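> Need coordinates for the following:
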Amino acid sequence: MASPKKIVLSGAITGHEKEAAQYFYEAEKLVHERYPLASIFNPTRIPKQSSWEDYMKICRARINGWADTIVMIQNEYYLDSRGAIEEKELAVEKGLKTIVLIANDTLLEVDHANILRNY
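Below you'll find the model as predicted:
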C-alpha cells in the first residue's frame, strides 16, 4: 500500500481540551516520524471556533476532499466522542486508509472491512 500523503488526526477533544492537545501533539510527532513526507492535519491547531459544529465542518472538509489517510487516536475518551466516531465513519465511507494509534506509541493499519465492527 502506498505511503500516506495527507493525514487527518482524529480523536476525542471536546471536554478534554488540555489532554487532547498533548495527545494530538504526541500523535503528530509519531506520525511525522513514520511518514516524514506526509502533510498532517491536527485539529487541535485550528484557530478558535465558535462552536463544535464549526470545528466539525473543518474536519469533515479535510476528510471529504483533502485526506487520503485518517489516524484515529485511541484513548479512554475515544468511544465517547461523537466527533471522533463521525470522523471514523466518514473516513471509512470515503475509503481513506485507516491507522489506529494505540497507547500513544503504536500505529496499526486497519482493514476497512473490520473497522466498523471492531471499533
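> Checking residue 15 next. Helix, strand or coil?
Three-state call for residue 15 (DSSP: H, G, I helix; E, B strand; the rest coil): coil.
> Would you mind measuring from it to residue 54?
17 Å (Cβ to Cβ, to the nearest Å). Just so you know, the C-beta spots here come from the backbone N, C-alpha and C atoms, and that holds for glycine as well.
> moving C-terminal of the strand or helix carrying residue 29, what's the next helix or strand?
Assignment of secondary structure by DSSP states H and E places residue 29 within helix 17-34. On the C-terminal side of helix 17-34, the nearest following helix or strand under DSSP H and E is strand 39-41.
> hmm, who's touching that following strand?
For strand 39-41, contacts defined as Cβ atoms under 8 Å, 6 or more residues apart in numbering pick out 5-9, 28, 31-32, 62, 66-67.
> List the ones among these that fall in helices.
Among the contacts of strand 39-41, DSSP state H puts 28, 31-32, 62 in helices.
> any idea which of these has the most stuff around it?
Of the ones in helices among the contacts of strand 39-41, residue 31 is surrounded by the most neighbours, 22 neighbours in total, counting by other Cβ atoms under 10 Å.
> I figured that one hits residue 7, correct?
Yes. Using Cβ atoms under 8 Å, residue 31 is in contact with residue 7, at 6.0 Å.
> Overlap of the contact sets of these two?
Common contacts of residue 31 and residue 7 (Cβ under 8 Å, 6+ apart): 38, 40, 71, 99.
> for this structure, what spans make up the strands?
6-10, 39-41, 69-73, 97-102, 106-110 (DSSP state E).
> for the shortest one, which positions count as buried?
Right, strand 39-41. Neighbour counts over strand 39-41 (16 or more other Cβ atoms under 10 Å) mark 40-41 as buried.
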